[in-house]
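Asker: No sequence on hand, only this structure:
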């Protein structure tokens with residue numbers, strides 16, 4: 001996590017945004033009176049929203065936790081994927 005003040009962000013906007021998007025960094029912009037903001041990439045934001053949605057539904061959460069437990073116990077199987085010709 002990076003922290004910059006407002007002036008540094010303003011003077012270096014492109015490089016700060018590139019660090020957030022290219023290096024998957026989270027950036028805190030410090031401001032007076034502790035009114036800080038956080039900058040994250042759109043990709044990070046979308047991942048967070050998807051996780052909140054999936055984990056916010058108890059049935060989804062329970063299903064994921066059961067699947068995780070099965071995987072950790074070695075209760076899974078592997079299959080070869082085959083590609084079939086498209087016959088129209």
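Answerer: Structure's in. What do you need? These figures come from a predicted structure and were not determined experimentally. Numbers count the residues shown, from 1 in each chain.
Asker: do you know how far residue 15 is from residue 28?
Answerer: In this view, residue 15 and residue 28 are 16 Å apart by C-beta to C-beta, to the nearest Å. To be clear about C-beta, it is placed using only N, CA and C from the backbone, and glycine gets the same treatment.
Asker: Of those two, which one has the most company?
Answerer: Between residue 15 and residue 28, counted using other C-beta atoms under 10 Å, residue 28 has the larger neighbour count: 14 against 11.
Asker: The more buried one and residue 40 touch, don't they?
Answerer: No. Between residue 28 and residue 40 there is no contact under C-beta atoms under 8 Å: 10.4 Å.
Asker: Where does residue 48 sit, in terms of helix or strand?
Answerer: helix 42-56 (DSSP states H and E).
Asker: what about that helix, average pLDDT?
Answerer: For helix 42-56, mean pLDDT is 92.
Asker: now swap in stretch 12-30 and tell me
Answerer: On average, stretch 12-30 scores 96.
Asker: list the buried ones in that stretch?
Answerer: 16, 19-20, 25, 27, 29 (16 or more other C-beta atoms under 10 Å).
Asker: Stretch 39-58 too?
Answerer: Buried residues in stretch 39-58 (16+ other C-beta under 10 Å): 39-41.
Asker: and if you look at stretch 69-87?
Answerer: Under 16+ other C-beta under 10 Å, stretch 69-87 has no buried positions.
Asker: Quick one: the buried residues of stretch 39-58 as a markdown table, columns for distance to residue 85 too.
Answerer: Converted to a markdown table, those look like this (distance: C-beta to C-beta, whole Å):
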| residue | distance to residue 85 |
| --- | --- |
| 39 | 49 |
| 40 | 44 |
| 41 | 40 |
